[in-house]
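Undergrad: Okay, predicted coordinates and the sequence, questions at the end:
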Amino acid sequence: LWHLISLGLTLRPWDVYLLEGEQVLMLITSIAFKVQRRHSRALKEPDPFVGNPAPRCKHP
């Protein structure tokens, strides 16, 4: 997964932490987890347009 994330995107949370503090970083982290969970659920649910299940993600 790390090879898919750019260096700028990796360093952005550290910028937020240094400028805004821990509370803002925790808020951003919780939002990121919610988005990831929503995305992983969408992969497991059937595709409403086709009626077949969507292909599963091949990442570990």
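TA: Good, I have the coordinates.
Undergrad: so how far is Thr10 from Thr29?
TA: Thr29 sits 14 Å away from Thr10, going by C-beta to C-beta, to the nearest Å. C-beta coordinates here come from the backbone N, C-alpha and C atoms, glycine included.
Undergrad: which residues of this protein fall in strands?
TA: Counting by DSSP state E, the chain has no strands at all.
Undergrad: Report the residue spans of it with pLDDT below the cut-off.
TA: 1-4, 39-57, 59-60 (pLDDT under 70).
Undergrad: could you redo the last one with a cut-off of 80?
TA: 1-6, 9-10, 13, 35-60 (pLDDT under 80).
Undergrad: list the helices and strands the single longest helix found in it packs on?
TA: Longest helix in the chain, counting residues (DSSP state H): helix 22-44. Other helices and strands packing on helix 22-44, by 3 or more C-beta pairs under 8 Å, 6 or more residues apart in numbering; DSSP states H and E, are helix 7-20.
Undergrad: Mind listing what's buried along the helix it packs on?
TA: Val16 (16 or more other C-beta atoms under 10 Å).
Undergrad: mind listing what Leu19 touches?
TA: By C-beta atoms under 8 Å, 6 or more residues apart in numbering, the contact set of Leu19 is empty.
Undergrad: how close does it get to Ser6?
TA: 20 Å.
Undergrad: cool, Phe33 as well?
TA: According to C-beta to C-beta, Phe33 and Ser6 sit 20 Å apart.
Undergrad: Next: Arg37.
TA: Note on Arg37: its distance to Ser6, by C-beta to C-beta, is 22 Å.
Undergrad: same thing with Arg12?
TA: Distance from Arg12 to Ser6, counting by C-beta to C-beta: 9 Å.
Undergrad: Over to Ile31?
TA: In this structure, Ile31 and Ser6 are 19 Å apart, going by C-beta to C-beta.
Undergrad: same thing with Gln36?
TA: From Gln36 over to Ser6 (counting by C-beta to C-beta), the distance is 17 Å.
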